[in-house]
Structure formats: structure tokens, C-alpha cells
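# Predicted coordinates and the sequence they were generated for:
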Amino acid sequence: MPNDDVMLISRFEAVDSNEKRTEITAIEVSLSQSEEATADNILDEMADLKAFSDKQSGPLGHLRADLFSLSNKVKILEYSITKKVTKKLEESLPRMEPLNKELNALNTVEIQRFEDLKKELLSAIRKKVGKSVKKCVWKEMDIVKDCMSYCGSILDKGDVNILELVNLMKDIVSLLD
């Protein structure tokens, strides 16, 4: 640019390291102010890009890293706790064997008591229900007798229905017993 001042930038380079002593030579480059400003802007952008690449993407990127770290710590603690609990249970297992035998004996006794109770209840129900049915049938027996005698009086002795009546009476007698 026409009004730009020229500045001098020096850069040092190392000469080939195969030689016994290293010589440093200076290279001089002349830049205008606008070229220097452009170079500064490029260097600033590169520094910003470097800083941005170190950060996680998104506004909550730093939280993601913390969450990942905490997740790993929880996994490690979970494994540690699992090992401790397993060890404690294995240590207490021999002390639980007598308790296990007692529980099995108690369970056997309870099963036997339950079976005995079931038998007693079934027996009591059969007796009570049977008595109740017999009582009800005997109360209604007079009605059945009256119906039978009435049917016998109006039926013809040679009728086919007599056989059905006899079979019906046998069924009633078996029910009463």
C-alpha cells in the first residue's frame, strides 16, 4: 500500500546439525504495516483455533468431560464394592450353615403341620356338610313319600313308566344313604 511503513522482521534458522558447531544465520524480510497486521491477525486466529480445539464442542463440553470422569470413578467404585460384598458374604457363609439346617428343619415341621391341618379341615367339612345334607333330606322326606304314594296310586301297574319310577326310587334311596 502506498502510505505503509516498511518494517523489518528477523528470523533465525539453524544450519545443518551435522556440522560440529551450529551456526545461526539471520534472514531479514521486509513487510509493510498492512502485511504485518495481516500476519498478526493470522497468528491470532491460529491461537484461537488451538484454544478451541482443546475445548469440547458445544456449550456443555466441559460437563461432558467431567461426566465421563465421574462415570469412570463410579465403575471403579462399583467393582470395588462388589468385591468387598462378595468377600464379606463368603466369610459369613460358614456361620450360616447351622442356621440353614435349622431353617430346613423348621420348614419340614411347618409343612407337616399344614398337611395335618388340611386333613382335619377336610374331615370336619365332610362330617358337617354330610350331617347338614342328611338333616335337610330327612326334613323333606315326607314330601317325597307323599309324592311317591300319589304317583303309585294313579299309575297303572302294567305301565312302562313303572320301571322308570322304580329306577327313580332306587336313585333316591342311594342318595339318602
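Yep, it's here.

# who does the longest helix along the chain touch, helix- and strand-wise?
Criterion DSSP state H: the longest helix present in the chain is helix 61-154. Packed against helix 61-154 by the contact rule (3 or more Cβ pairs under 8 Å, 6 or more residues apart in numbering; DSSP states H and E) you find helix 161-176. (Each C-beta comes from the backbone N, C-alpha and C, glycine too.)

# and the angle from the helix it packs on to helix 61-154?
Taking axes from the mean of the first three to the mean of the last three Cα atoms, to 10 degrees, one finds that helix 161-176 is oriented at 130 degrees with respect to helix 61-154.

# mean confidence for the longest helix of the chain?
Across helix 61-154, pLDDT averages out at 83.

# Same check on stretch 163-177?
So the average pLDDT for stretch 163-177 ends up being 75.

# Dump the C-alpha coordinates for it into PDB.
Taking C-alpha atoms only, stretch 163-177 is exported to PDB below (Å, rounded to 0.1, in the frame of the first residue of the first chain):
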ATOM      1  CA  LEU A 163     -89.900 -99.300  35.500                       C
ATOM      2  CA  GLU A 164     -88.700 -95.600  35.300                       C
ATOM      3  CA  LEU A 165     -90.400 -95.000  38.700                       C
ATOM      4  CA  VAL A 166     -88.600 -98.000  40.200                       C
ATOM      5  CA  ASN A 167     -85.300 -96.700  38.900                       C
ATOM      6  CA  LEU A 168     -86.000 -93.300  40.200                       C
ATOM      7  CA  MET A 169     -86.800 -94.700  43.700                       C
ATOM      8  CA  LYS A 170     -83.500 -96.600  43.700                       C
ATOM      9  CA  ASP A 171     -81.600 -93.400  42.900                       C
ATOM     10  CA  ILE A 172     -83.400 -91.600  45.700                       C
ATOM     11  CA  VAL A 173     -82.600 -94.400  48.200                       C
ATOM     12  CA  SER A 174     -79.000 -94.400  47.200                       C
ATOM     13  CA  LEU A 175     -78.900 -90.600  47.700                       C
ATOM     14  CA  LEU A 176     -80.400 -90.900  51.200                       C
ATOM     15  CA  ASP A 177     -77.800 -93.500  52.200                       C
END
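
# Any buried residues in that stretch, and which?
Using 16 or more other Cβ atoms under 10 Å as the burial criterion, none of the residues of stretch 163-177 qualify.

# tell me the domain ranges of the chain?
Domains of the chain are assigned by automatic domain parsing as 6-54, 145-176.

# close enough to count as contact, Val144 and Met169?
No: at 9.5 Å, Val144 and Met169 do not qualify as touching, with contact defined as Cβ atoms under 8 Å.

# Residues that sit against both of the two, list them.
Shared contacts of Val144 and Met169 (Cβ atoms under 8 Å, 6 or more residues apart in numbering): none.

# Quick check: the gap between Asn163 and Ile172.
Just to correct that, residue 163 is Leu rather than Asn. To Ile172, Leu163 is 15 Å away according to Cβ to Cβ, to the nearest Å.
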